[in-house]
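Asker: What would the 3D arrangement of this be:
(2 chains)
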Amino acid sequence: MATALTEIKVTPEIAAEHGLSAEEYARVKQILGREPNITELGIFSVMWSEHCSYKSSKVHLKRLPTRGKLVVQGPGENAGVVDIGDGLVAAFKIESHNHPSYVEPFQGATTGVGGILRDIFTMGARPIAVMDSLRFGEIRSGEWRVASSEKKQETTSEEAAKNRRILDGVIRGVGGYGNCFGVPTVGGEVAFEPCYSQNPLVNALALGIARKEDLFFAKAKGAGNPVIYVGAKTGRDGIHGASLLASAEFTEESQQKRPNVQVGDPFMEKLLLEACLEAMQTGAVVAIQDMGAAGLTCSTVEMASRGGTGIEIDLAKVPQRETGMTPYEIMLSESQERMLLVAEKGREQEVLGVFKKWGLDAVVVGQVTEGGLARIKNHGSVAAEIPAHPLAEEGPVYRRPIAAPAPRVESPKDWFAFAPEGRNLTQNLLKLLASPAIASKRWITEQYDTSVRTNTLAGPGASDAAVVRIKDPKTNEVKRALALSTDGNGRWCQLNPRVGAMHAVAESARNVAASGARPIAATNCLNFGSPEKPEVMWQFSEAIDGIAEACNALGTPITGGNVSFYNETLGKSIYPTPVIGMLGVLDDVSRVLKIAFRNAGDVIVLLDGASQTETGRHFERSEKSLFARELSSSEYSKTVGGLVAGEPPAIDLAAEKRLIDCLAALAAEGAVESAHDVSDGGLAVTIAESLFGSVGAGLAPPAVGANVCIDDSSPAELALFGERGARANVSVAPTKLAAVLATARQYNVTASEIGKVTRDGSFRIEHKGRAVIDSPVDSLRDAWANSLEWTLTGK
Amino acid sequence: MKFGVVVFPGSNCDHDAYYALGNVLKKPVEFIWHQSQDLANCDAIILPGGFSYGDYLRTGAIARFSPVMKSVERFANGGGLVLGVCNGFQILCEAGLLPGAMMRNSGLRFICRHVYIRVEQTDTPFTNAAEKGQILKIPIAHSDGNWTVDDATLAELEKNRQVIFRYTTPDGSDDAAGNPNGAMHNIAGICNRERNVAGLMPHPERAVESALGSADGLVIFRSMVEALVGAAKATA
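Answerer: Numbering: from 1, shown residues only, chains lettered A, B, ... in the order given. Down below sits the predicted model:
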């Protein structure tokens, strides 16, 4: 059968089976000036797949801001690169591995992590941290009323059990790869919505550092230079992973695509990392590119295209795991842990020697050529011959139809019904703290090695962002620290993609600032449904505009990322889910801010970027229905009211910017004891988490507590659980209070003293003079700390 | 005085051990490649954590056959100081330089968190700078730390005071709650009968600066330095 494949004559039907449209197939013939053979058709089909070519997203991605004075490398290389001072650069990028993780959760997740790590060290940067942004279907059964929809969203107990199994596989995969590879998995997010039940999202972000002069790029140069294949042998796994798995929606038969999922080997990747970095140090490496999606095809063609050269390789020389593989299979294999590099002619032995030392296959498989042709030979005969540049860069570009959906018609009766004023809300807080979305993710993150490489200043949950310090790659001297946060809110983007996307950017930047760092650049992973649906393209376009506007306002360019379309199963799309990975720099490693309260007697200060007058305006907007509309989109509404509706809170980017600058300044001054932004679950959850952090930090009893008074005109439930942005809570020693208030004034940020840290182990909140929360911290903490483990392990 | 950190394919705490010894303690340290039989005149050898050879077979089972292990064995038998951390401990068990074997953690999951261990013996080169009963907060990060051995060996180990670190609660009780992986007798670390070879599952090299959550691991490396200084004086 394998040999038969090479003899297949390509017909328009076969082209269609490869996912190429009639126009695309005509274009193939035009570029070649003839009919393609089957291998060439396979090459075109992966290179022009949505996953590799960005054909539906390209026209929109152009609207993202990608330049800035710190940006060394924007989108278009293996990873984005920014200058972080002291001659060092940070390479970082986020990527999706959604469909493989549904088909085979463990391997899907491992190869997702493996792929993004290779993208980083391909640039010459050593990976120092990984984060994962994960979304699953509900792991507890239940139902939710969705306003403007006839049907309720329901998760049955079988479905919840299946989602727990997917989560378990993904967690083991993420941990399994990073733990063995030796990079700390320092955080991320785990979120749950019914829409991810048949299509979980696994987005992995990796960060690496290098000296600026040691960066490498994937540009083939110098005709006659040898092309070297290194790493794992090529097998039949993952053929058409990019084109069939990642670029088509799911059906009930999708589980049969399991053979299209690749298998990860973190040990091999660790060897590859060390060998590549060592080989790069010889000075004999000209260019390097990892073999990820579309494997050997993508790496040969892109290196040649970027370098403006041609390339010629002989497949007979490619190390193979199986016998009888056809050129088609070798070119399309997505076997993991492989690299292609170009060495300086005459110095190939230096490079080969390094790989030999690490026990890795390294073989000269071809050479860089002039003339721009990618020529694939097999045992002397030509198996494929395609002009590299048109194949890589002149693929189809679509302006897909865009259509806004009919406006949702909602009235106040569709929105959250507030409890009577003065009602004790402690039980609701307890329920919220125990919900999978808010509950501690400790049970998950303890399965990740978070401390290897001894740089982790703030691991999962310690601070709003993960913070890792930087050691100079040559001297080991500790320089600054970097902060990272990944954020996205699919529910908000479903309700309003533009505003939801802006919130994702704002929250990630706020999180970075609340750890004490200055946000400098971002990467994005755009998870959407089928681009062939006009309403999905509308969501996409709106989200891009939202990200662009927010990134411009906050001064954080997008340096790269990934688009994942076709996230739908049986015709039903996921919520549009743009995920932002924000990077920040902290000049003084001793100034990391954490969320835990530290001392009884400290003053709790709520910082609000909305200036006095704007705050006033917000509260004057006292029509109760508008408050209800805002709360209806919150985690509180979903968990306590079983309702998803309304609009995300209005966003004020100027207010976000003021708050971010103020937090970074307060951190640099060493003026605050703790910081935690107000986000999922609102102010009450923010304060509760700062209390729990103190307990976790091992503070001796009598346990820490808090007394808080909130005085505003909005209903108690909105004041406690509303998720309006541009706010953060800090705790301040009484002696430094005046200085903190002065700094806040300087940044035009409203600072309100709302309470005190106590030592009586109780958490109390008064609203308009009435106690609305009153509970021992311990009982709240138990629910928060253990509920996820109870849910996932059935204990 | 010079420390050697062995690099097996798949070691991933080698850099951390190097940094702790070289940059924090400011002692001479160098890497030793697994294929080398030459220990480069080092006075103490660290077998670092990681996943040597991927640990696909059984933790440490392949690494023990690395060429370097022949030299490590000779070095240990000659009285040289050898410390195995995590995967290094597993390798020492596989190599027969320490008794016992590792099973999967009792919870069958990888666990990474700070744990508390109590220093049980101070008359070893790894604990001489600590106080007996001192409680150290040190991170673990492993899937296979459930140390086990036959009853007779265990009894002998206890009798010879070879159990040098035991998991405990923060306040020092032997409660099972302090034991993260199910190891027999809450054992976190042991030494050989001659007391010059030791292994432990927690990572002292990750606990050498308070900014990272704990500096309690320093006492283990300081003990080794003191032992080496003492030995040098004795021969001088």
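
Asker: What's the per-residue pLDDT of residue 23 here?
Answerer: Picked chain A for this. We note a pLDDT of 94 for residue A:23 in this prediction.

Asker: I was thinking of chain B, sorry if that wasn't clear
Answerer: According to the prediction, residue B:23 has pLDDT 97.

Asker: what's near enough to touch it?
Answerer: Taking C-beta atoms under 8 Å, 6 or more residues apart in numbering or on different chains as the criterion, residue B:23 is in contact with A:476-477. C-beta here means a position set from N, CA and C on the backbone, and glycine is covered the same way.

Asker: Surely it forms part of a helix?
Answerer: Yes. The secondary structure assignment for residue B:23 places it in a helix, going by DSSP: H, G, I helix; E, B strand; the rest coil.

Asker: and the gap between it and residue B:30?
Answerer: Distance check for residue B:23 against residue B:30: by C-beta to C-beta, to the nearest Å, it reads 14 Å.

Asker: Over in chain B, which residue gets nearest chain A? Let me know.
Answerer: Closest approach of chain B to chain A (C-beta to the nearest C-beta) occurs at residue B:12, with a separation of 2.6 Å.

Asker: Residue A:672: which element?
Answerer: Assigned by DSSP states H and E, residue A:672 belongs to neither a helix nor a strand.

Asker: Could you tell me what pLDDT the model assigned to the residue lying closest to it once chain neighbours are set aside?
Answerer: Taking C-beta to C-beta, 6 or more residues apart in numbering or on different chains as the measure, residue A:672 lies nearest to residue A:730, with 4.2 Å between them; neighbours along the chain are not counted. On the pLDDT scale, residue A:730 is placed at 98.

Asker: For the closest residue to chain B within chain A, report the pLDDT, please.
Answerer: When C-beta to the nearest C-beta is the measure, chain A has its nearest residue to chain B at residue A:182, with 2.6 Å between them. Reported pLDDT at residue A:182 in the predicted model: 98.

Asker: Distance of it relative to residue B:141?
Answerer: Summarising the geometry, the distance separating residue A:182 from residue B:141, computed by C-beta to C-beta, is 10 Å.

Asker: Can you report how many residues neighbour residue A:13?
Answerer: 8 (other C-beta atoms under 10 Å in any protein chain shown).

Asker: May I have the phi/psi pair for it?
Answerer: Backbone geometry at residue A:13, expressed as degrees, to the nearest 10, gives phi -70, psi -40.

Asker: which bits of chain B sit near chain A?
Answerer: Taking C-beta under 8 Å from any C-beta of the partner chain as the measure of proximity, chain B contacts chain A at B:9-10, B:12-13, B:15-16, B:18-20, B:22-23, B:49-51, B:53-56, B:109-113, B:139, B:141, B:143, B:170, B:203, B:205-206, B:208-209, B:211-213.

Asker: Tell me which of those fall in helices.
Answerer: Cross-referencing those against helices under DSSP state H gives B:15-16, B:18-19.

Asker: Among these, the buried ones, what's the PyMOL command?
Answerer: What follows is the PyMOL syntax selecting those of these that are buried according to 16 or more other C-beta atoms under 10 Å in any protein chain shown:
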select buried, chain B and resi 15+16+18+19
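
Asker: and the ones in helices among the residues of chain B next to chain A, which two are the farthest apart?
Answerer: B:16 and B:18 (7.2 Å; C-beta to C-beta).

Asker: re earlier: so what sits opposite the residue nearest to residue A:672 in the bridge?
Answerer: Under DSSP bridges, the beta-bridge partners of residue A:730 are residue A:605, residue A:675.
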